Every structure is written in C-alpha cells, then in structure tokens.
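>>> structure for the following, please:
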Amino acid sequence: MKAIWNGQVLAESDKTVVIENNHYFPADSTNKEFFKSSEYKTVCPWKGTAAYHSIEVNGETNSDAVWHYPQTKDSAKVIEGMFAFWKGVEITK
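Numbers count the residues shown, from 1 in each chain. All right, here's what the predicted structure looks like:
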C-alpha cells in the first residue's frame, strides 16, 4: 500500500493494518521529512488520543492530514505508533 499526496509517496508498506477503513502504516515505512508537527489532537474512546501532523510537499501544505496514536488504549495496541492519512491523501496498492 502507498499513501500519496501532491505527487509524493508519504508511506509505503505491505504491512498496513486496516481499522475503520483506514490503513495504518508502520512508522518506519513513512517519509517523515514531509510531516510537520501540529498541535491538533483528537480523542477516540477505544483507541486513545491521536496526535496529528501536517504534510508539506512542493510548497503546499495539507494541514492535520496525518495522525497516529503514540500510546493507545489496550484495545488498539496493534496500531500504536502507526500512521494513517486523510484529507485527500490517496491510498493505493
């Protein structure tokens, strides 16, 4: 699987985990040089608190388009530290 935005591959792995129709990519499969930390956070009742990053590619920014759970609740340990994408990031095979 690949995560692509603005012509750039942000992540690529054959070991994604799919939860709630989102592909979670292992941290070591992501190109973090395109990620910029964000203050934005959300809370999921069964996964925990998600931290977000914006994506910067070719001078364009996609705000808060990447999230991960640095520490999950016990029910979501399988995705702890993995990264997922939204806001127009294309997930393809």
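>>> the most centrally placed residue in the chain and G59, how far apart?
For the chain, A84 is the residue whose C-alpha lies nearest the centre (C-alpha atoms, centre = their mean; 2.5 Å). Distance from A84 to G59, counting by C-beta to C-beta, to the nearest Å: 24 Å. (C-beta placed from N, C-alpha, C; glycine too.)
>>> what's the mean pLDDT across stretch 71-82?
The pLDDT scores in stretch 71-82 average 97.
>>> pLDDT weak spots in this structure?
Of all residues in the chain, none has pLDDT under 70.
>>> what segments of it are strands?
2-5, 8-12, 17-19, 22-24, 35-44, 48-57, 60-68, 83-85, 90-92 (DSSP state E).
>>> buried ones in the fifth one, by neighbour count?
Buried positions in strand 35-44, judged by neighbour count with 16 or more other C-beta atoms under 10 Å: F35.
>>> which residues are contacting that strand?
For strand 35-44, contacts defined as C-beta atoms under 8 Å, 6 or more residues apart in numbering pick out 10, 49-56, 61, 63-64, 66-67, 69, 76.
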